[in-house]
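Enquirer: From the sequence below, what's the structure:
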Amino acid sequence: MTSNTGLDKTRNIGIAAHIDAGKTTTTERILYYSGVSHKMGEVHDGNTVMDWMEQEQERGITITSAATTTFWKDHKINIIDTPGHVDFTAEVERSLRVLDGVICVLCGVGGVQPQSETVWRQANKYKVPRIVFVNKMDRIGADFYRAVSMISDKLKAVPVPIQIPIGAEDRFEGVIDLIKMKAFHYSSESLGMQVEEGEIPESCIKDAVEYRKRLVETVVEQDEAMLERYLEGEEPSRSELISVIRNATINNRLVPVLCGSAFKNKGVQQLLDAVVDFLPSPLDIPAVQGHHPEDEEKIIERHADDGEPLAALAFKVWSDAYVENLTFLRIYSGKIALGDALYNSTRDRKERIMKLFRMHADKREEIKEVGAGDIVAAVGLKFTATGDTLCRKEHPILLESIRFPRPVISIAIEPETSEDEKKLAEALQRMALEDPTFKVATDEETGQTIISGMGELHIEVIVERIRREFRVSARVGKPQVAYRESVTAAAKHEFTYEKQFGAKTQYARVSMQVEASDPSGGLVFVNRASAEKVPKQFLAAVENGCHDSMNSGPLMGYPVIGIKVTLLDGDWRPEESNEQTFRIAAGMCLREVMRNAAPVIMEPIMNVEVETPDEFLGEVMGDLNSRNGEIRGTSQRPGLQVVDVLVPLRRMFGYSTDLRSGTQGRATYTMEFASYRPLPQKLQDEMLSR
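Expert: A predicted model of the protein is given here:
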């Protein structure tokens, strides 16, 4: 078994937050202070390292997750900077799937905002340890203690401030380290590069002592031996505190909280120290689990060790109009070298590594070999898509893939000239390979190409990329809502499939019941038929047949969601029945039974949060009411009113323009998918009568 030297000093981390909380600025400062870049990029100047795409620089937002590597105190830190806008949530999802730790950046003014909650839920799903950086402490209305309280109240986590700020807003000077009980100030002349460690200012001693006591009391509760000594009057040492905080963070029992102002170059070095001290190395996380590609019951584990068989997950594919696709890989175990022949166990295809790169945003550093615990990009993988597993043919393993939310908005797209037709098809294919939440389909009735995504901005960005990067002239239609269909009642049906093909007869009979299930889910399949009526080997075919029918609902052909199908009975004949006959019978039976189960068209409902100055609150709420909004509550932030509302997506097109004009450009909003609900009957009748 080969040595794992260096793995204990490796950190694979992401930086995630609500839009405009300062993720990219924080990453720029990390790269500057750790020596990767020699000039600080600014989002507002469009010259950051991580936001390298032309549209990112123009719009001032992160669109695609970017990877880079830096070093701090003899530790290698692989960083992925993720988007904050909800339309690009897939970038966060796939990054969190492969990361060992996350820095969640909160705005010191806004605290926990909608996308902060979304990111937190995604991190919970993958059990990713987190530290929190409360940024923008220099802004008017910044309140560190309020942000800490929101972590507890909104995110249901246990925050442990390991720092408190010295001052706030325009009086924010630095931070107090509660573990060291020292104050840190940052030299503006050196752009924060010089950090002065000193005694705690007299005006802050009372708060520092109080929060140090809270810190110690919270931490000692995580370790029985330390708690006993503390109750006997023994204060834990600095190394003991760090060790217990680290262990509790890795096990998601505590969340260390730091503060600063990335834009004003304050607090970032201590944030890097916290990454090293508290976030896990690949050796600290549990061994990755998968199963044998041909046997789901055969669970296989792989540890972070170069000597174990290879297990790697493709978590991102980057398409470029001029070069081959770049496939980003997380290596969980084993090694990959240039020219290696690999096995894609997800697709049962052979692959070969032509080039390996360590990425620095859009810059590439070519390497010859990579080992366990690392994140790299590869060229030459022709069949591999997001979520696929790469391994060795002689040691196969299939890792859990990555699930993405469904698109909620669609538009038609067509080339302006016949010369652009082939180029458009190729561009759409490459965009769909790169982005799992971007879908391309053909309308069977009109022959139009329909593209679907997570929101207006998502679609707008992709269309602009097609025009710029692939130089395709294309026209697009107005955005359309991605409706779905479901059922509202229970119904039963029996279907017999019997066909004569020459001298052979094909036969299968199924009886099933359909009823409504979770509207946000897909198919729930339950078998209640006896093995004599429907043998076990045909059950998968029955379920697959149901999935086939869910692609097109009984009312208008929209995909079906949220149904429970129960197989009640069936029949078969030894010489005339097989998987295909049962698949056909099940599909046709479900298609018929859904017609009798009170089918309904489902529409996407969006969770919208509007931040508006006090004087425009009445106008904003009136406009939301006119859009059939269901106002769930209002809250206050310094100088702002926050409206939380559920609104049908069909009423939100063009809302950004209306909101700007109605509030003199001073209000902002965020929108994310909440759930599907039945379309009002009147609107459904209108759609069906067209």
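
Enquirer: do you know how far the residue of the chain positioned farthest from its centre is from Glu575?
Expert: Among the C-alpha atoms of the chain, the one farthest from their average position, using C-alpha atoms, centre = their mean, is that of Ala503, at 54.2 Å. Look at Ala503 and Glu575: by C-beta to C-beta, to the nearest Å, they are 11 Å apart. Yep, even glycine has a C-beta here, placed from its N, CA and C like the rest.

Enquirer: do Ile331 as well
Expert: 51 Å.

Enquirer: So if I had to pick from those two, which one is more boxed in?
Expert: Ile331 (23 against 8; other C-beta atoms under 10 Å).

Enquirer: for that one, which residues make a bridge with it?
Expert: Ala312 (DSSP bridges).

Enquirer: Pro613 versus the closest residue in space to Ser656 that isn't next to it in sequence, what's the distance?
Expert: Once flanking residues are discounted, Ser656 sits nearest to Tyr669: 7.3 Å by C-beta to C-beta, 6 or more residues apart in numbering. Between Tyr669 and Pro613 the distance is 13 Å, computed by C-beta to C-beta.

Enquirer: The two: which is more packed in?
Expert: Taking neighbours as other C-beta under 10 Å, Tyr669 and Pro613 compare with Tyr669 leading, 18 against 14.

Enquirer: so what secondary structure elements neighbour the helix or strand hosting that one?
Expert: Taking DSSP states H and E as the criterion, Tyr669 maps to strand 668-678. Strand 668-678 is packed against helix 114-125, strand 484-487, strand 599-613, helix 655-662, with contacts defined by 3 or more C-beta pairs under 8 Å, 6 or more residues apart in numbering; DSSP states H and E.

Enquirer: if you set the cut-off to 7 Å instead, what comes out?
Expert: Packing partners of strand 668-678 (3 or more C-beta pairs under 7 Å, 6 or more residues apart in numbering; DSSP states H and E): helix 114-125, strand 599-613.

Enquirer: how far off helix 655-662 does that strand point, in degrees?
Expert: 140 degrees (axes from the mean of the first three to the mean of the last three C-alpha atoms, to 10 degrees).

Enquirer: Check which residues of strand 668-678 are buried.
Expert: Thr668, Tyr669, Thr670, Met671, Glu672, Phe673, Tyr676, Arg677 (16 or more other C-beta atoms under 10 Å).

Enquirer: Specify the beta-bridge partners of the last one.
Expert: For Arg677, the beta-bridge partners under DSSP bridges are Glu603.

Enquirer: unless I'm mixing things up, it is touching Glu603, no?
Expert: Yes: counting by C-beta atoms under 7 Å, Arg677 does reach Glu603; the two are 6.3 Å apart.

Enquirer: overlap in contacts of these two?
Expert: Counting by C-beta atoms under 7 Å, 6 or more residues apart in numbering, Arg677 and Glu603 have no contacts in common.

Enquirer: Okay, now the unreliable bits of the chain?
Expert: 1-5, 37-66, 83-89, 320-324, 361-362, 444-446 (pLDDT under 70).

Enquirer: which residues does the residue nearest the centre of the chain contact?
Expert: Compute the mean C-alpha point of the chain, and by C-alpha atoms, centre = their mean the closest residue is Glu93, 1.9 Å away. Residues counted as contacts of Glu93 (C-beta under 7 Å, 6+ apart) are Gln122, Ile402, Phe404.

Enquirer: How about the secondary structure of the second one?
Expert: Applying DSSP: H, G, I helix; E, B strand; the rest coil to Ile402 yields a three-state assignment of coil.

Enquirer: If we ignore the residues flanking it in sequence, what's nearest it?
Expert: Per C-beta to C-beta, 6+ apart, closest to Ile402 is Gly387, 4.3 Å.

Enquirer: how much space is there between the one you found and Phe404?
Expert: From Gly387 across to Phe404, the span is 9 Å (C-beta to C-beta).

Enquirer: So these two - more neighbours on which side?
Expert: Under the criterion of other C-beta under 10 Å, the comparison of Gly387 against Phe404 puts Gly387 first, with 20 against 17.

Enquirer: Where does that one sit: helix, strand or coil?
Expert: coil.

Enquirer: Help me confirm that it comes into contact with Arg403.
Expert: No: using C-beta under 7 Å, Gly387 is not in contact with Arg403, being 8.3 Å away.

Enquirer: residues shared between the contacts of those two?
Expert: By C-beta under 7 Å, 6+ apart, no residue touches both Gly387 and Arg403.

Enquirer: give me the element the residue nearest to the centre of the chain is part of.
Expert: helix 89-98.

Enquirer: buried ones in that helix?
Expert: Result for helix 89-98 [16+ other C-beta under 10 Å]: buried residues Thr89, Ala90, Glu91, Val92, Glu93, Arg94, Ser95, Leu96, Arg97, Val98.

Enquirer: Quick one: these as TSV, columns for distance to Leu313 too.
Expert: Listed next are the buried residues of helix 89-98 as TSV, based on distance: C-beta to C-beta, whole Å:
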residue	distance to Leu313
Thr89	19
Ala90	15
Glu91	16
Val92	16
Glu93	13
Arg94	9
Ser95	12
Leu96	12
Arg97	7
Val98	6
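
Enquirer: which one among the residues you listed gets closest to Val560?
Expert: Ala90 (22.8 Å; C-beta to C-beta).

Enquirer: Skipping adjacent residues, who's closest to that closest one in space?
Expert: Counting by C-beta to C-beta, 6+ apart, the residue nearest Ala90 is Thr437, at 4.3 Å.

Enquirer: just Leu279 next, same as before
Expert: Gly101 (3.3 Å).

Enquirer: which residues does the one you found contact?
Expert: Contacts of Gly101 by C-beta under 7 Å, 6+ apart are Arg11, Ile13, Val128, Pro129, Leu279, Pro280.

Enquirer: now swap in Leu7 and tell me
Expert: Ser281, Pro282, Leu283, Ala304, Ala372, Gly373.

Enquirer: Same question for Glu196.
Expert: Phe184, His185, Ser187.

Enquirer: Just checking: what are the partner strands of the helix or strand harbouring it?
Expert: In the assignment (DSSP H and E), Glu196 maps to strand 195-198. Using DSSP bridges, strand 195-198 pairs in its sheet with strand 182-186 (antiparallel).

Enquirer: can you count the residues close to Lys298?
Expert: By other C-beta under 10 Å, neighbour count at Lys298 equals 11.

Enquirer: isn't it right up against Gly290?
Expert: No: assessed by C-beta under 7 Å, Lys298 is found out of contact with Gly290, at 9.6 Å.

Enquirer: As a check, name the ranges of all strands in the stretch 1-150 of the chain.
Expert: Under the criterion DSSP state E, counting those that start in this stretch, strands of the stretch 1-150 of the chain are mapped to 10-17, 66-72, 75-81, 101-107, 130-135.

Enquirer: Could you do the stretch 251-400 of the chain as well?
Expert: Applying DSSP E, counting those that start in this stretch to the stretch 251-400 of the chain gives strands spanning 255-259, 288-292, 295-302, 311-318, 326-333, 336-337, 341-344, 349-352, 355-360, 363-367, 369-370, 375-379, 389-391, 398-399.

Enquirer: can you redo those strands as CSV with distance to Leu617?
Expert: Shown next, in CSV, are the strands of the stretch 251-400 of the chain (distance: least, C-beta to C-beta, whole Å):
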stretch, distance to Leu617
strand 255-259, 30
strand 288-292, 49
strand 295-302, 54
strand 311-318, 41
strand 326-333, 44
strand 336-337, 56
strand 341-344, 54
strand 349-352, 56
strand 355-360, 45
strand 363-367, 47
strand 369-370, 54
strand 375-379, 45
strand 389-391, 51
strand 398-399, 49
